[in-house]
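Asker: I'd like to go over a predicted model; first the sequence, then the structure.
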Protein chains: 2
Amino acid sequence: MDAETFRRHGHEAIDWVADYLRDVEQLPVVSSVSPGEIRAQLPAHPPATGESMDAILEDFRSVILPGVTHWNHPRFFAYFPANHSGPAILGELLSAALGVNAMVWQSCPAATELEEVVMDWLRQMLGLPEDFRGVIQDTASTATLVALLCARERATGFEVNARGFAAGEEGGALRVYASEEAHSSVEKGLKIAGFGAEHLVRVGVDGDLALDPEDLERRIRADRDRGLRPCCIVATVGSTSSTALDPLEPIVAIAERHGLWTHVDAALAGSAAILPEKQWIIKGSAGVDSFVFNPHKWLFTNFDCSAFFCRHPEILIRTLTITPEYLRTPVDEQVTNFRDWGIQLGRRFRALKLWFVLRHYGIEGLRARLREHLALAQEFRQWVAESPDFELLAQVPLNTICFRYHPGLGTKRSGGAASDGDAAGAAGVDAGPAARDAEVSRGGSGSRGEGTRQPVDVDRLNEALLAEINRGGVIYMTHTKLRGRYCLRLSIGQTQTAREHVRRAWEEIQAAAKRVIAID
Amino acid sequence: MDAETFRRHGHEAIDWVADYLRDVEQLPVVSSVSPGEIRAQLPAHPPATGESMDAILEDFRSVILPGVTHWNHPRFFAYFPANHSGPAILGELLSAALGVNAMVWQSCPAATELEEVVMDWLRQMLGLPEDFRGVIQDTASTATLVALLCARERATGFEVNARGFAAGEEGGALRVYASEEAHSSVEKGLKIAGFGAEHLVRVGVDGDLALDPEDLERRIRADRDRGLRPCCIVATVGSTSSTALDPLEPIVAIAERHGLWTHVDAALAGSAAILPEKQWIIKGSAGVDSFVFNPHKWLFTNFDCSAFFCRHPEILIRTLTITPEYLRTPVDEQVTNFRDWGIQLGRRFRALKLWFVLRHYGIEGLRARLREHLALAQEFRQWVAESPDFELLAQVPLNTICFRYHPGLGTKRSGGAASDGDAAGAAGVDAGPAARDAEVSRGGSGSRGEGTRQPVDVDRLNEALLAEINRGGVIYMTHTKLRGRYCLRLSIGQTQTAREHVRRAWEEIQAAAKRVIAID
C-alpha cells in the first residue's frame, strides 16, 4: 500500500474512529451474536489475490462490528475496565507506524529512554521509593510471573535457572502465599514457573476479604516446621472480585522476618494510589520487592500497558538475561536493555501512548477522572444499601460494587434481622453465612406473587438476573462468587462513564429484577 | 479528549504517518543519539496539568523521532525485520479504537472468531494439517515457552502443574534438545519453566549449521542411559544467525520413536513456506506437535503477531487453563476461550490487522513480495561470492546473508586455496576452521598498504567495519558469530526493500571496508 493510499484510508479510518467514539453510546454494549455466527460469515479460505481496502473496511463494519462487545462504551461495567482514551489511541497509531522493536536500547534508543522516563513518572505519582525501577509489561499476569521467577531465583541462589527445580529445591519445596481472593494469575504463575499449584498457600481473609496477616504468619511457620521453604508473598491490593485490599505493612513485616519476596498485585487499584486521599491503599509498599498495576485498566491508556516496578533490578536482570551474540551491542554496559526485564524478547513501543496520556491529562486531570468514578461507585453503593430488595456483599473501597438481588430482604431486615455487627455489617454489608439464603421467600416488595411464598435459590435468581440484564444490551456486567455466594459486580472505570450511565444501570438492574422475579 | 478533538489530531497523525511512510527513506536508518541523550530532553517529573496535543505531537517529532531507529526503512537490514504495512497499521488503529479484551469469547465474540478464521487461513497457506489449531501469541519466545510447558505436562501427566517439578521429575530430570544454533528463547524458556538451563542439550550441527539428527539420536539415547527423561525437541527452521534449516522429517521420526514433543521455531522462515517452491523447508511438519512463525517478521503484519499452532489443543488448554468464577460464562462449553491458550489472561484484538493484511495482499501478493526478497538475497550472495575481499560464512537458503570482509582472500583463493569440497564450499561458503584467519595479511586488492604485510585480526576488522557501516546511517546491519567467527549479517525483509536499496547496501559496505582497512 503506497503512502497516498494509506493516507486516504487512514483519514477514513480516523473519521470512523471519531464517529465511533462519539456514538458508541448508541450501540448495544454487549454483542448478541451466538457462538459461530461471526465465523459463519467469513470465508473458509484466504483470498488468492488482493482485495480493495474499501471492501475490507466495509466488512469490518458489517461483519466484525456486530460481534464486538464495546469495552469503551460508557455503560460497560463488566470485569475490570480495559480503558483507553484519544491520546492513547493516537499513541498506538504512531507506535504502529514506527513499528520499532524496543528489545534493546540500540534497536530504538528513544523507545527505551522514554519508557524509563514515563515509568519513573508513574513511580513518583504512586509515591513508590526512588530505588524502584520500572518496566512496561503486557499484563499483570506476566508481571506476576516475572516476580515469582525473581523470588524463586533469589531463594535458590539462581539454582533453578541453572540446574532446574529438582536441584533448586534440595532444601525443601518452595512455597508461595496469597489470599483466597488473589487473582488466578498467581496460581497460573506457579504452574508455569514449575512450583506446582499445590505450593500456593491460600491464606485466609478477614471480614473485608483482605488477607489476614495472622493466618499468613501461622502458615509460614507451619510450612517451615514441615521442612518447606517459604519464598514469596503475593499481596493483592484491589482483588478482582471485590477490590479487597490486603494490608501491606504487616505483610511486609512478616516477609522481612522470614526473608520472603513480597510482590504486590495492584492491577486495577494501583491507579487509585495517585490520589493523595487513596495513597493509604498501598501504604507499606516501600518495603515490597515488586509491584504491578495496569494503566490499561484505570489510567486511560490502551491495553496493553502494565507497569511493573522492582526494587532489585539486578535480580530481575540476572533472572531473565540472555546474551546471544546477535543481540550484543557496543553500549550494553551503559544502557538499559529491556529484553532482560521480561519474558518476551520482542517489545512494542508502549511508552509512547503512556507518555501521551500522562501529558494530555496531567496528574490533576487523571485524579479528577478517578475521583468521579469513585464518587459514582459510592453513590451506587448507597442505592443498593437503601434498596429493600438488594444487598451489598462486600465493602466498596474503590470502583467496584458486589451485590445481589434478594427480594424481601428489606421486610425481613426491618422485621428484626440484625446486622452481624462486624465491619462489613456496619457498612451495610451482609457478611452472614450462605445458609441464610434458604430462608428467603419469593415475593418481597415489588413482587407480585405475595400470596405464594416459596423458598427461592438466591444464587440461581441472580444468575438469571445477570443474563436478563445483559440480554438487554443497555449495560454489561459480570459476576463473581464471594464466600460461596453468587454476586453481581458493577465496576465503574470506563473513561467516559458519567452519572447518567450509572443511574441508567441501576434502573436497568431494578427493571430486570422485576422481570426475573415475575417469571421465577 | 472529545471525539472532535480526536478527529482533528487523528487526521494530523494520519498525515504525519503517510508522509513518514513516503519519506522514511530520506532519514538516517539508525539513530545516532548517545546513551542518555533522549532522556536528558524529557522532564524528570510528570506534568501537574494537562498539555495540548499540539505540544505533545511536536515533542514527538522533535524529541522522540531523532532517537528512533527506523525499522520500516527500506535500508534496514539488521536483526530480522519486524515488518509492517499500511493495512496492518490501519488494523492496529481500529483495534486500538475498539480496545476490546479478547480473553474469552464472551468478552468480544468477533475477536475470538476472527482469530480462529485467520489462523486457519495461515494454516492452509503453510500446508499444515487440518488438526492443527492456531492462536496468536505476542512473540515466538512466548510460543516456545508455551510449547515447553505442554511438553513438560504431557511428559509428567500434568504433575508439574499440580505438584511442582520436584514431584514431576521423580522419574528423572526432563531434557530438551535443540541445535547449537537455536534461538536464545529456548534456553530462556527452560529457565522460566523450571527445567534449568543445564537440561537444554545442545545438539551438533552439520556443515549447513542445521541440526544433525544422528547426534540428536545419540544424545537422547545417552540421556536415557543415564536415567534422564527426554521430553521435547525444539527444531529451528531458519536460525536467527544464518537461517539454517533443521531437517524436520528425521527429527520427527526420532521424536516419535522416543515419545518426545516436537516444537518448530520457524519465527522468520515460516512465512517463506507459503511459497510452493519453499514448502520443503517445513517438510515433515505434519508430524510435529507445535509450530510457531511470526507474521510480524516477514508477512507484513505489525509487531506483535506470532502464529502458534498446536496439534493437541486439549493438552495446551489443560496446561494453561484457569477458571476463576469471575471469568466463567454460560457458553464456555461451546466456544474457544483463548485465555487458556497462552501465558497472559488479557489479549489484544490482533486478528484484525492480520485479516487486513491477508486480504489486502492476497496469497499471491504476499508470495510476490517474498519472492522479491529472496531473489535480492541471492543477488547479494552472488556479489559477495564474487568479491575478492569478502567471503560468505553460511548458506543463503532464504533472506539472510552471513559474510565477512577478508581482504586479500581473493588473491589467496586464486593462488590455489582449494574449496573445502563440502556443500558449503561448493556454494562458495568458507566453512574452514577459524585458524585460517591467522594467515590473512593486511593489504589485499583495494588496499593501499601493500608494502607492509602484517597479520590482521579478521574478527576485529569486521567489528570495526560494522561500526563504520552503521555510523554512516545509510544502512543498518547487525552481526553474529558462526563457528566462532564474527560475521556481518544482512537480512532482507523490510516491506519496502527493493533492488536499489540492496545495491546501495553493497556499495556502502565496500566503501566502509576501504575506509576501515586504510585506518587499521
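Answerer: It's in. Numbering: from 1, shown residues only, chains lettered A, B, ... in the order given.
Asker: Once you drop chain neighbours, what's closest to residue A:491?
Answerer: Spatially, and ignoring its direct neighbours in sequence, residue A:491 is nearest to residue A:400 (4.4 Å; C-beta to C-beta, 6 or more residues apart in numbering or on different chains). Every C-beta, even on glycine, is put in place using the N, C-alpha and C of the backbone.
Asker: show me the contacts for residue A:279.
Answerer: Shown here is residue A:279, whose contacts under the criterion C-beta atoms under 8 Å, 6 or more residues apart in numbering or on different chains are A:127, A:273.
Asker: Relative to residue A:283, how far out is the residue nearest to residue A:491?
Answerer: When C-beta to C-beta, to the nearest Å is applied, the distance between residue A:400 and residue A:283 equals 20 Å.
Asker: re earlier: any chance of the backbone angles for the residue nearest to residue A:491?
Answerer: In terms of degrees, to the nearest 10, the main-chain angles of residue A:400 are phi -120, psi 130.
Asker: residues near it, how many?
Answerer: By the criterion of other C-beta atoms under 10 Å in any protein chain shown, residue A:400 has 29 neighbours.
Asker: That one touches residue A:377, doesn't it?
Answerer: Yes: shown here, residue A:400 and residue A:377 form a contact pair, counting by C-beta atoms under 8 Å, at 7.0 Å.
Asker: Could you name every residue contacting both of the two?
Answerer: With C-beta under 8 Å, 6+ apart applied, the overlap between the contact sets of residue A:400 and residue A:377 consists of residue A:492.
Asker: Can you name the residues that contact residue A:377?
Answerer: Contact analysis of residue A:377 by C-beta under 8 Å, 6+ apart lists A:396, A:398-401, A:492.
Asker: what's the helix or strand for residue A:481?
Answerer: Assessed by DSSP states H and E, residue A:481 sits inside strand A:478-482.
Asker: helix or strand right after that strand?
Answerer: Past strand A:478-482, the next helix or strand by DSSP H and E is strand A:485-491.
Asker: CA atoms only: put that next one into PDB for me.
Answerer: As requested, C-alpha coordinates have been extracted for strand A:485-491 and formatted as PDB (Å, rounded to 0.1, in the frame of the first residue of the first chain):
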ATOM      1  CA  ARG A 485     -22.400 -16.700  47.100                       C
ATOM      2  CA  TYR A 486     -23.100 -15.700  43.600                       C
ATOM      3  CA  CYS A 487     -23.000 -11.900  43.200                       C
ATOM      4  CA  LEU A 488     -23.300  -9.300  40.600                       C
ATOM      5  CA  ARG A 489     -20.400  -7.000  40.100                       C
ATOM      6  CA  LEU A 490     -20.600  -3.400  38.800                       C
ATOM      7  CA  SER A 491     -17.200  -2.000  38.000                       C
END
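Asker: what sits up against it?
Answerer: A:77-81, A:241-242, A:380, A:393-394, A:399-405, A:434, A:437, A:458-460, A:462-463, A:465-466, A:469, A:477-481, A:505, A:509, B:326.
Asker: let's see it at 7 Å
Answerer: Strand A:485-491 is touched from outside by A:77-81, A:380, A:393, A:399-404, A:434, A:459, A:462-463, A:466, A:477-481, A:505, with contacts defined as C-beta atoms under 7 Å, 6 or more residues apart in numbering or on different chains.
Asker: quick one: whatever helix or strand comes next after that strand to strand A:485-491, angle?
Answerer: On the C-terminal side of strand A:485-491, the closest following helix or strand by DSSP H and E is helix A:499-519. Going by axes from the mean of the first three to the mean of the last three C-alpha atoms, to 10 degrees, helix A:499-519 is angled at 150 degrees with respect to strand A:485-491.
Asker: Got the phi and psi for the nearest residue to residue A:194 once chain neighbours are set aside?
Answerer: Beyond its immediate neighbours in the sequence, the residue positioned closest to residue A:194 (C-beta to C-beta, 6+ apart) is residue B:194, lying 2.3 Å away. When quoted as degrees, to the nearest 10, the phi and psi of residue B:194 stand at phi 90, psi 0.
Asker: buried stuff in stretch A:6-17?
Answerer: Residues of stretch A:6-17 classed as buried by neighbour count (16 or more other C-beta atoms under 10 Å in any protein chain shown): A:6-7, A:9-11, A:13-14, A:16-17.
Asker: before we move on, back to that, what residues sit buried inside the strand holding residue A:481?
Answerer: The neighbour-count criterion (16+ other C-beta under 10 Å) identifies A:478-482 as the buried residues of strand A:478-482.
Asker: Determine the set of other helices and strands touching that strand.
Answerer: Counting contacts by 3 or more C-beta pairs under 7 Å, 6 or more residues apart in numbering or on different chains; DSSP states H and E, the secondary-structure elements packed against strand A:478-482 are strand A:485-491.
Asker: now the strand it packs on and strand A:478-482, what's the angle there?
Answerer: Note on geometry: by the same axes, to 10 degrees, strand A:485-491 and strand A:478-482 are set 130 degrees apart in direction.
Asker: Strand A:485-491 pairs with which strands?
Answerer: Next to strand A:485-491 in the sheet, as set by DSSP bridges, lie strand A:400-405 (antiparallel), strand A:478-482 (antiparallel).
Asker: With mean pLDDT added, can I get these in CSV?
Answerer: As requested, these are exported to CSV (pLDDT from 0 to 100):
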stretch, mean pLDDT
strand A:400-405, 98
strand A:478-482, 96
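Asker: Compute the distance between residue A:102 and residue A:322, please.
Answerer: Residue A:102 is 16 Å from residue A:322, where distance means C-beta to C-beta.
Asker: higher neighbour count, these two?
Answerer: residue A:102 (26 against 17).
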